[in-house]
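> from the sequence below, what's the structure:
(one chain, ligands or ions: 1)
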Amino acid sequence: MSWGLVWFRNDLRVRDHEALLTACLEHAGRIIPVYVFDKRQVGPHARTRLGQFSKCSTPRAQFLVEAVQDLANTLRTHYRGMQLLVYKNALPENVIPKLIAELSTEKQVHVGAVYYHREVCSEERAVEDALRAALCALNQRGELPAVTLRALDGSSTLYHADDLPSGASVGNMPPVFTSWRKLVEKGARIRAPLPMPDPAKVQPLPLSLGCDPIPTCAREVIGDNCEQARLRHRVPWTLPDDATSRVDPRHACPFRGGESAAQERVQAYTFGTDAIARYKATRNGLLGTEYSTKWSPYLALGNVTPRQLYAVLRRYETERPEKKGISTYWVLFELEWRDFFRFTAMRYGNALFWRRGLQAVLRGDPQVAGRSKTWRQDAVLLDRWQTGMTGFPLVDANQRELLATGWMSNRGRQNVASFLTKDLEIDWRLGAEWFESLLLDYDACSNYGNWQYAAGVGLDPRADRHFDVIRQARMYDPEGHYMRRWLPELESCTDWSQVLHLHEHYPEYPAPVVRHLHGGRKNLDDAANAPKCAVRGTKSGSRGRRQTKQTGKPHREPGWMRQAHTGAVDILDNRDGSAALEQNRQTVLDAYLRSQKR
Ligand SMILES: Cc1cc2nc3c(=O)[nH]c(=O)nc-3n(C[C@H](O)[C@H](O)[C@H](O)COP(=O)(O)OP(=O)(O)OC[C@H]3O[C@@H](n4cnc5c(N)ncnc54)[C@H](O)[C@@H]3O)c2cc1C
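The predicted model follows:
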């Protein structure tokens, strides 16, 4: 009887795990679980493509390490000492075939199939293709018996793709969220979560295999490759050495990774504190553990699934009828947004990463159509935004929270994203990559999808909104509790009415880096009254001249800036520039145009 190898990815759990359950059923419980810290994503040299930021900084790496530790513990305790084979700084397409070959030749253990959950975006799918190619190559050379690859859908979405009504199916979905949501709420069911494999029917490998020790902290997987290490000595505010949400006393929630912690958090937010009953009223909060569910980091690593959450919400409504209200529906509504972004990514592929965004697809030609937005090239402004030194307190407080803990509220994200793209006019993809580096809950579909909305290049042009960050601070942090927590320079500030002049009273706090835009329009009348800007908002190009004058040296732009403005054809639109992806992009576009003609 052969063995089933389960390749864990963003599905670090044992409950509602289709791949694990199927492997158990098809191999009579003979399971070999494997996790690989892919060095392209989480490694000492992994960098984002455009901004060259650390691809996975400390908070997220730490959260991931904890989730892997928890999975290893669960497998060991539930399944009679089953060993999770862990590999660091490695590539799945190298490690897995090598392991299968070694098991076969040295231990006479035959792996019949590899089970995993299929991913959506190009980088993740490229790994699946590479694994398939590597296994085929070994098989053709006679070094490995045939191994089946079993790619399963899993429960990464609330609605299963096969259950979507025809008008809302992946190939046919309306581009506007509300239209899609109405169709699925009416016509689709939500599947029940799957049980975890029965421990009595699972059989661990009766031998111990050599692999890497399970890491105990982020440093063991990423080394010093994190934005915290790069910026710690440069920021004039406290950035702790060990940037995790638990260590920083200013945190919104002491996140700990893993399925066990996920279950605790779900229980706490629902039956524990009943905070869920107040969700609709509190969801725009900025401070504290209970203003929103804080389920997203667990969803991102698959420590919990949307279907499990749905089951809890339904149970809560049944068992707490007196608390039943609109709030549980609103959480469901937000989970539907998550689904929408994931299905959108399935449908439009790499357009999720294009500079001109999904707008370009809707308008028919990624090369020339879409919003003709020219993004400003300004490394200084970008740096101010990243380090929370813009002189706009709501933006700065949120950016510092992100850098110190890997967390930011939804209200915060909307504001800082709008500020980067609408006020600073900097390429939205640099903001998305910054979030990718730091966010505990980083999820390619939700992150790039939301950034496109914020930048006004997403599917729904009506969502092209500008947040007035001064007004937003007045509305959501009128007493300044949140801003004071993250801005020690303003600790004694009690009067927030003159936000743009704070630096005059608190000299350690920076002056605003750009003129304030009211409600989405440049307020030209304001120019005369505007405080002196620390870094003046200029049109692209003038910055280069200014710098040359100051330093006496020709100004050299970093690589991403030169690349980002190479003319009409956006060479960076394609996520990795490979011919296959180029073809994929063309196919998506062709299919879309055909469907439009019909
Ligand atoms: C610029 C920007 C980038 C973002 N990047 C990410 C990201 O990388 N990963 C991520 O999970 N969310 C992202 N979001 C969406 C949202 O901010 C977070 O999901 C939410 O703040 C997480 O907190 P919570 O779990 O307490 O959410 P709750 O308000 O409690 O919502 C419940 C769940 O619904 C889902 N959800 C809520 N809002 C959204 C949304 N706008 N889009 C998609 N799903 C949503 C999340 O899974 C969340 O856990 C981003 C939003 C913006 C504006």
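> contact partners for the residue nearest in space to the middle of the chain?
Computing the C-alpha centroid of the chain and ranking residues by Cα atoms, centre = their mean puts residue 442 first, at 1.9 Å. By Cβ atoms under 8 Å, 6 or more residues apart in numbering, the contact list for residue 442 reads 56, 60, 300, 435, 436. Placement of C-beta: from N, CA and C, glycine included.
> looking at those, which are in helices?
Of these, the ones assigned to helices by DSSP state H are 60, 300, 435, 436.
> could you dump those residues into JSON lines and include pLDDT and distance to residue 266?
Converted to JSON lines, the ones in helices among the contacts of residue 442 look like this (pLDDT from 0 to 100; distance: Cβ to Cβ, whole Å):
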{"residue": "60", "pLDDT": "96", "distance to residue 266": "20"}
{"residue": "300", "pLDDT": "98", "distance to residue 266": "15"}
{"residue": "435", "pLDDT": "98", "distance to residue 266": "24"}
{"residue": "436", "pLDDT": "98", "distance to residue 266": "25"}
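> show me which of those neighbour the ligand.
Contacts with the ligand within those, counted by Cβ under 6 Å from any ligand atom: 300, 435.
> the residue nearest to the centre of the chain should be in a strand, yeah?
No. In this structure, residue 442 is coil, not part of a strand, as judged by DSSP: H, G, I helix; E, B strand; the rest coil.
> what separation is there between it and the ligand?
Counting by Cβ to the nearest ligand atom, to the nearest Å, the gap from residue 442 to the ligand is 5 Å.
> go on, residue 140?
Distance from residue 140 to the ligand, by Cβ to the nearest ligand atom: 40 Å.
> contact partners for that residue?
Residue 140 makes no contacts at all, as judged by Cβ under 8 Å, 6+ apart.
> could you check how far it is from residue 97?
Residue 140 sits 12 Å away from residue 97, going by Cβ to Cβ, to the nearest Å.
> and what of residue 310?
Taken as Cβ to Cβ, the span from residue 310 to residue 97 is 37 Å.
> before we move on, what about residue 257?
Taken as Cβ to Cβ, the span from residue 257 to residue 97 is 28 Å.
> neighbour-wise, which of those two wins?
residue 257 (26 against 23; other Cβ atoms under 10 Å).
> I'd guess the more buried one is in a helix, am I close?
No. In this structure, residue 257 is coil, not part of a helix, as judged by three-state DSSP.
> show me the contacts for it.
Contacts of residue 257 (Cβ under 8 Å, 6+ apart): 12, 62-70, 297, 301, 303.
> okay if I get the residues you listed as a markdown table plus pLDDT and distance to the ligand?
Output for the contacts of residue 257, formatted as a markdown table (pLDDT from 0 to 100; distance: Cβ to the nearest ligand atom, whole Å):
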| residue | pLDDT | distance to the ligand |
| --- | --- | --- |
| 12 | 98 | 15 |
| 62 | 96 | 17 |
| 63 | 97 | 13 |
| 64 | 98 | 14 |
| 65 | 98 | 19 |
| 66 | 98 | 17 |
| 67 | 98 | 15 |
| 68 | 98 | 19 |
| 69 | 98 | 22 |
| 70 | 98 | 19 |
| 297 | 98 | 8 |
| 301 | 98 | 11 |
| 303 | 98 | 12 |
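> those residues in helices, which ones?
62, 63, 64, 65, 66, 67, 68, 69, 70, 297.
> neighbours around the first one, how many?
Which is residue 62. Around residue 62 there are 29 residues (other Cβ under 10 Å).
> could you pull out the strands for the stretch 101-250 of the chain?
111-117, 148-152 (DSSP state E, counting those that start in this stretch).
> wait, a strand at residue 36?
Yes. Per three-state DSSP, residue 36 lies within a strand segment.
> neighbours around it, how many?
Count around residue 36 with other Cβ under 10 Å applied: 26.
> distance between the host helix or strand of residue 73 and the chain's centre?
Here residue 73 sits within helix 58-78, counting by DSSP states H and E. Distance of helix 58-78 from the chain centroid (Cα atoms, centre = their mean, to the nearest Å) equals 18 Å.
> and the next helix or strand past it?
That would be, after helix 58-78 and using DSSP H and E, strand 85-90.
> gap between the closest residue to residue 207 other than its chain neighbours and residue 321?
With Cβ to Cβ, 6 or more residues apart in numbering as the criterion, residue 207 has its nearest non-adjacent residue at 6.5 Å, and that residue is residue 107. Distance from residue 107 to residue 321, counting by Cβ to Cβ: 56 Å.
> tell me which of these two has more neighbours.
Using other Cβ under 10 Å as the criterion, residue 107 and residue 321 rank with residue 107 on top: 12 against 8.
> so what's the more buried one scoring on pLDDT?
Residue 107 is assigned a predicted lDDT (pLDDT) of 91.
> now swap in residue 323 and tell me
So, for residue 323, pLDDT stands at 85.
> count the neighbours of the spatially closest residue to it that is not a sequence neighbour for me.
With sequence-adjacent residues excluded and distances taken as Cβ to Cβ, 6+ apart, residue 323 is closest to residue 277, at 4.2 Å. The local packing of residue 277 (other Cβ under 10 Å) involves 18 other residues.
> ditto for the one 3 residues further on
Look at residue 280: counted by other Cβ under 10 Å, it has 16 neighbours.
> circling back: need the contacts of residue 257 in a markdown table (columns: distance to residue 355).
Converted to a markdown table, the contacts of residue 257 look like this (distance: Cβ to Cβ, whole Å):
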| residue | distance to residue 355 |
| --- | --- |
| 12 | 33 |
| 62 | 32 |
| 63 | 30 |
| 64 | 29 |
| 65 | 33 |
| 66 | 35 |
| 67 | 33 |
| 68 | 34 |
| 69 | 39 |
| 70 | 38 |
| 297 | 28 |
| 301 | 29 |
| 303 | 33 |
